[in-house]
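Student: Just to be clear, the model below is a prediction. Sequence and coordinates:
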Amino acid sequence: MPNWDICLLWSFWLPALVCADLTPRVAFPYGDPGRNVNSFSQSGVSSYDVFLLRDDEEVLYVGARDSILSLSTSDTVGPQLQLLSQIHWRASPEQIQSCVSKAKSNETECFNFIRVLVQMNQTHLYTCGTSAFSPSCTYIDLSSFMLVHHSNGLPLTTEGKGQSPFDPRHKHTAILVDDELYTGTMNNFQGNEPIIYRNLGAKTFLKTDSALGWLHTDASFVASFNPSGALGGDKVYFFFEETAKEFDFFEKLTVSRVARVCKNDIGGEKVLQKKWTTFLKAQLFCSHPGHFPFNVIHHTAKLPTSEENTIFFGVFTSQWHMGGSGSSAICAFTLEDIERVFNGNYKELNKDSLKWTTYTGPLSDPRPGSCSKGPSSDQDLSFMKEHYLMEQKVHPRDRSPLLIKQNTRYTRIAVHQTFGISGKLYTVLFLGTDKGYLHKAVVLDENQDSHIIEEIQLFQEPEGVQNLLLASRTGTVYVGFSKGVLQVPLANCSVYSSCFDCILSRDPYCAWDGHSQMCRKIHPAHENMNFWLQDIESGNPNITCRASKGRGAQPGAPESTLVQVENITMPLNSMVKLRCPHLSALANYSWSHPQKNVPEVMVFSETLVFVVKLNTLGLYECWASENGFYYQVARYRVAVSNRVEVAPGQEPESERLPMNKVQSYWYQFVTVTVLLSLTVAGIVALALFSYHEKVKAKSKVQGCSTPETAKLGHGQQLQEKVPLNAGLTVGGPEFQNGGYQTSANSRQSCCIQVEGADEVMDLDNNRLNLTAADGETTKDSDAQME
């Protein structure tokens with residue numbers, strides 16, 4: 001059994017190590033003025049899914065449903081995104097009619113969803129769309145921002161099969177490298193033929209061969225990259241998920257993959273004609289010790305730390321939802337580790353046992369699948385047809401995720417690096433969720449510890465983040481969703497009003513300026529930052545903000561705090577509520593008040609509730625404790641309005657007054673009680689009546705009734721050919737002298753005295769079982785008791 005199976009089976013039985021869930025320190029609800037978010041939406045346009053940022057970052061191109069937009073991001077036009085131009089590119093009536101005839105919806109599916117938007121050169125863009133399940137592509141002239149047309153006036157379009165998916169719900173990826181378009185998408189209407197395809201340019205168009213099984217039919221692509229540098233500059237990498245065929249498992253097992261093709265691949269001459277000859281794929285393994293693996297990849301972002309070692313950051317979830325429904329993990333993979341796996345052993349399928357094993361045979365030189373120059377032999381190409389899967393897995397850095405978030409499903413990721421005031425480079429993650437939230441997190445140190453700085457609710461109604469694009473030069477992250485585009489600044493330093501709050505935030509974009517006494521954004525233009533304070537690793541204001549006054553005092557310290565006292569004046573016996581704003585979700589909050597053990601005091605979430613009395617007056621302070629640092633959050637002084645002087649030991653008359661009148665429910669109580677009593681009485685009466693009827697029926701069977709002769713007319717006589725006693729002689733003169741008929745004609749009582757025999761009555765069946773005096777049981781005698 002493969003190691004993967006063993007690990008998963010053990011995971012079912014061994015208790016998992018529970019990770020401490022990361023909590024965003026600050027949460028901004030939708031529309032909070034403390035977090036500036038600019039938005040753009042265009043009437044009649046939806047599904048703002050595809051972004052392309054111009055090199056100078058002053059124009060953002062957006063691919064939407066039936067439209068392509070050009071938006072200005074420059075500050076010269078104001079803080080809002082501004083529409084520069086719009087192209088309407090709809091599916092043709094014939095395409096829509098064909099789409100509807102194939103049982104697709106003309107309300108949600110039979111449209112042209114833009115899926116590819118790349119810049120060909122300084123004058124033209126290249127774009128592809130679903131075109132109502134008939135993919136097509138075209139060019140955009142940037143000078144006029146219009147579609148390129150034929151001489152007859154119609155748009156110049158080409159078939160988009162292999163470049164854009166048919167179904168807008170299918171994931172896809174596209175990247176333009178050296179004027180050639182590399183795509184990972186679905187290649188047919190049914191959605192069961194994934195493909196990695198290269199077209200445009202002067203080189204041979206190449207694709208994966210579905211007949212060889214290089215990709216499983218459910219492969220779903222999330223990203224593609226062409227890293228710079230000698231290590232990966234000659235290759236294109238694709239990240240995707242698919243069902244694994246190499247594992248024996250009791251259910252369908254999804255795995256995350258990275259695939260590689262070479263840019264200089266031209267296909268084979270006889271073998272693998274117009275097919276990739278360098279296609280290789282390996283498994284990405286994102287897992288935390290003691291947990292189920294996070295085996296489903298959703299998105300990937302690239303961070304070029306250097307030309308020689310690029311880092312890929314992936315968003316993963318588990319198909320088993322370990323640690324809570326929708327838990328997510330962020331894993332970082334280095335290009336060096338990926339290339340090490342691609343240069344390792346191959347797997348091969350044993351056709352006899354149908355098991356995947358490690359290939360141990362000889363290898364040619366140059367190595368099959370490498371980006372060597374010159375044509376490959378037919379033998380090497382035949383080898384590549386069956387040896388496309390690598391033996392080893394690609395593990396993340398330090399073999400552990402950077403971040404695990406319980407009960408949250410991340411959908412997109414953007415990564416940025418920034419320098420702190422010490423010159424250290426910090427990695428910042430921007431993570432979009434399926435509920436419409438944006439998390440900003442920082443990787444703290446080499447031990448891969450992370451801290452979620454803030455959470456922003458982007459949308460009023462929950463929906464998933466469709467796209468994230470980071471503009472490092474302008475310090476902005478763009479968010480795409482169904483109704484528009486959002487522009488979110490990377491830094492939000494002005495929200496931190498004190499030194500301790502700025503330090504506790506651990507935001508690498510921010511530092512406390514000792515001269516201006518403000519939390520300010522770090523800018524490369526700032527040369528003299530000798531008086532700036534920052535502590536990203538530990539976030540300890542006790543050391544960093546030691547020169548600040550009134551900071552870090554324990555509860556009960558002198559009133560030198562910067563928090564202003566709010567005076568509350570209320571009458572006696574009234575209820576007062578004091579709010580303690582939770583500035584940080586990572587802090588613990590407590591109240592201090594004059595009488596520490598007042599039983600009337602109650603705390604509900606952020607509010608202290610109590611009744612105003614003489615022993616509850618005075619100063620109330622709300623304190624927060626975070627990372628070993630204490631700070632005041634709120635201060636209230638509660639006093640009595642129109643206070644009446646009373647003698648010592650005498651209770652004020654106002655305190656003997658009743659509290660606010662409580663609404664009476666006496667009439668409702670009486671009504672419910674009467675109705676309940678009537679219901680119970682009815683049930684009892686019905687039960688007694690049923691019991692009486694049963695008793696009456698049994699009495700009728702056991703008692704005397706009029707014999708049949710009484711019901712006959714004059715001169716009629718009840719006759720029976722065979723006596724019911726069947727010749728049996730029993731005690732009693734009527735039976736001995738006249739038999740049954742004589743007894744039947746008698747007007748005496750129908751009740752009979754049976755002597756010399758034991759009787760057993762079966763009242764339900766009107767039967768009498770007799771036992772003779774000698775102990776023998778006679779036949780049952782029917783006693784007709786009509």
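Tutor: Good, I have the coordinates.
Student: what ranges of the stretch 151-300 of the chain fall below the confidence cut-off?
Tutor: 250 (pLDDT under 70).
Student: how does this protein divide into domains?
Tutor: According to the domain assignment given by automatic domain parsing, the chain is divided into the following structural domains: 208-371+383-407, 493-544, 565-646, 703-782.
Student: Quick check: which of the ones you listed is nearest to Gly201?
Tutor: Relative to Gly201, the nearest member of those by CB to CB is domain 208-371+383-407, separated by 10.1 Å. For the C-beta atoms, the positions are set from N, CA and C on the backbone; glycine is no exception.
Student: measure the closest one end to end?
Tutor: Here the two ends of domain 208-371+383-407 are set 37 Å apart, with distance taken as CA to CA, to the nearest Å.
Student: now that domain, how far from the chain's geometric center?
Tutor: Its chain's C-alpha centre lies 25 Å from the corresponding centre of domain 208-371+383-407 when counted by CA atoms, centre = their mean, to the nearest Å.
Student: residue boundaries of the helices in the stretch 451-600 of the chain?
Tutor: Taking DSSP state H, counting those that start in this stretch to define them, one finds helices in the stretch 451-600 of the chain at 499-505, 541-544.
Student: What segments of the stretch 251-400 of the chain are strands?
Tutor: Per DSSP state E, counting those that start in this stretch, the stretch 251-400 of the chain carries strands over the ranges 254-262, 280-284, 296-306, 309-317, 328-334, 347-350, 355-358, 389-394.
Student: need those strands in CSV with distance to Pro155 and mean neighbour count, can you?
Tutor: What follows is the strands of the stretch 251-400 of the chain, written out as CSV (distance: least, CB to CB, whole Å; neighbours: other CB atoms under 10 Å):
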stretch, distance to Pro155, mean neighbour count
strand 254-262, 31, 23
strand 280-284, 37, 24
strand 296-306, 32, 19
strand 309-317, 36, 24
strand 328-334, 41, 25
strand 347-350, 47, 15
strand 355-358, 48, 13
strand 389-394, 42, 20
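Student: quick one, which of these is nearest to Val695?
Tutor: Evaluated over the strands of the stretch 251-400 of the chain, closeness to Val695 peaks at strand 309-317, with 70.7 Å, by CB to CB.
Student: could you give the angle of that closest one to strand 389-394?
Tutor: Between the axes of strand 309-317 and strand 389-394, defined by axes from the mean of the first three to the mean of the last three CA atoms, to 10 degrees, the angle is 90 degrees.
Student: Helices of the protein, residue ranges please.
Tutor: When assigned using DSSP state H, the helices of the chain occupy the ranges 3-13, 93-101, 335-342, 378-386, 499-505, 541-544, 666-702, 733-737, 739-745.
Student: just the ones you listed: most buried one?
Tutor: Highest mean neighbour count among the helices of the chain (mean count of other CB atoms under 10 Å): helix 499-505, with a mean of 25.
Student: So which elements touch it?
Tutor: Packing contacts for helix 499-505, counted by 3 or more CB pairs under 8 Å, 6 or more residues apart in numbering; DSSP states H and E, involve strand 510-513, strand 518-521, strand 532-533, helix 541-544, strand 629-640.
Student: Now that helix: average pLDDT?
Tutor: Helix 499-505 carries an average pLDDT of 95.
Student: just stretch 437-450 next, same as before
Tutor: For stretch 437-450, the per-residue pLDDT averages 88.
Student: quick revisit: Throw the helices and strands packed on helix 499-505 into JSON lines and include mean pLDDT and distance to Arg409, thanks.
Tutor: Compiled in JSON lines, the helices and strands packed on helix 499-505 are given as follows (pLDDT from 0 to 100; distance: least, CB to CB, whole Å):
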{"stretch": "strand 510-513", "mean pLDDT": "95", "distance to Arg409": "29"}
{"stretch": "strand 518-521", "mean pLDDT": "94", "distance to Arg409": "31"}
{"stretch": "strand 532-533", "mean pLDDT": "93", "distance to Arg409": "37"}
{"stretch": "helix 541-544", "mean pLDDT": "90", "distance to Arg409": "34"}
{"stretch": "strand 629-640", "mean pLDDT": "93", "distance to Arg409": "33"}
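Student: And these: which comes nearest Leu84?
Tutor: For Leu84, the closest of the helices and strands packed on helix 499-505 is strand 518-521, at 27.9 Å, according to CB to CB.
Student: contact partners of that closest one?
Tutor: With CB atoms under 8 Å, 6 or more residues apart in numbering as the test, strand 518-521 has contacts from 491, 493-499, 501-502, 505, 509-513, 532.
Student: one more time with 6 Å
Tutor: The set of residues that contact strand 518-521 without belonging to it, under CB atoms under 6 Å, 6 or more residues apart in numbering, is Ala491, Cys493, Tyr496, Cys502, Tyr509, Cys510, Trp512, Asp513.
Student: before we move on, what about stretch 376-396?
Tutor: So stretch 376-396 is in contact with 212, 214, 268, 270-272, 277, 279-280, 282-286, 331-333, 337-338, 341, 344-348, 358-359, 364, 368, going by CB under 6 Å, 6+ apart.
Student: Can you dump the C-alpha atoms of it in PDB for me?
Tutor: What follows is stretch 376-396 as a C-alpha-only set of coordinates in PDB (Å, rounded to 0.1, in the frame of the first residue of the first chain):
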ATOM      1  CA  SER A 376      14.600  13.800 -29.200                       C
ATOM      2  CA  SER A 377      14.800  10.200 -30.400                       C
ATOM      3  CA  ASP A 378      11.700   8.200 -31.000                       C
ATOM      4  CA  GLN A 379      12.800   6.000 -28.100                       C
ATOM      5  CA  ASP A 380      12.900   8.900 -25.700                       C
ATOM      6  CA  LEU A 381       9.500  10.200 -27.000                       C
ATOM      7  CA  SER A 382       7.900   6.800 -26.400                       C
ATOM      8  CA  PHE A 383       9.400   6.800 -22.900                       C
ATOM      9  CA  MET A 384       7.800  10.200 -22.300                       C
ATOM     10  CA  LYS A 385       4.400   9.000 -23.300                       C
ATOM     11  CA  GLU A 386       4.200   6.700 -20.300                       C
ATOM     12  CA  HIS A 387       6.600   8.400 -17.800                       C
ATOM     13  CA  TYR A 388       5.100  11.800 -17.200                       C
ATOM     14  CA  LEU A 389       4.500  11.400 -13.400                       C
ATOM     15  CA  MET A 390       7.300  12.000 -10.900                       C
ATOM     16  CA  GLU A 391       7.900   9.700  -7.900                       C
ATOM     17  CA  GLN A 392       8.500  12.300  -5.200                       C
ATOM     18  CA  LYS A 393       6.200  14.900  -3.800                       C
ATOM     19  CA  VAL A 394       6.900  18.600  -3.600                       C
ATOM     20  CA  HIS A 395       6.800  19.600   0.100                       C
ATOM     21  CA  PRO A 396       6.400  23.100   1.300                       C
END
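Student: Run the chain-centre distance for that stretch.
Tutor: On CA atoms, centre = their mean, the centre of stretch 376-396 falls 36 Å from the chain's centre.
Student: nearest to Thr427, of the helices of the chain?
Tutor: Closest approach to Thr427 among the helices of the chain is made by helix 335-342 (15.7 Å; CB to CB).
Student: count of residues packed around Ile404?
Tutor: 22 (other CB atoms under 10 Å).
Student: Just confirm it contacts Ala329, I think it does.
Tutor: Yes. Between Ile404 and Ala329 there is a contact under CB atoms under 6 Å: 4.9 Å.
Student: For this structure, name the helix or strand with the lowest mean pLDDT.
Tutor: For the chain, scoring each helix and strand by mean pLDDT, DSSP states H and E identifies helix 3-13 as the least confident one, at a mean of 40.
Student: For the nearest residue to Gly184 once chain neighbours are set aside, give its distance to Val118.
Tutor: Taking CB to CB, 6 or more residues apart in numbering as the measure, Gly184 lies nearest to Phe221, with 3.5 Å between them; neighbours along the chain are not counted. Spatial separation of Phe221 from Val118 under the definition CB to CB, to the nearest Å is 16 Å.
Student: Compare these two and say which is more crowded by neighbours.
Tutor: Relative neighbour count places Phe221 above the other of Phe221 and Val118, with 27 against 17, counting by other CB under 10 Å.
Student: Can you report how many residues lie near Val443?
Tutor: For Val443, the number of neighbouring residues by other CB under 10 Å comes to 23.
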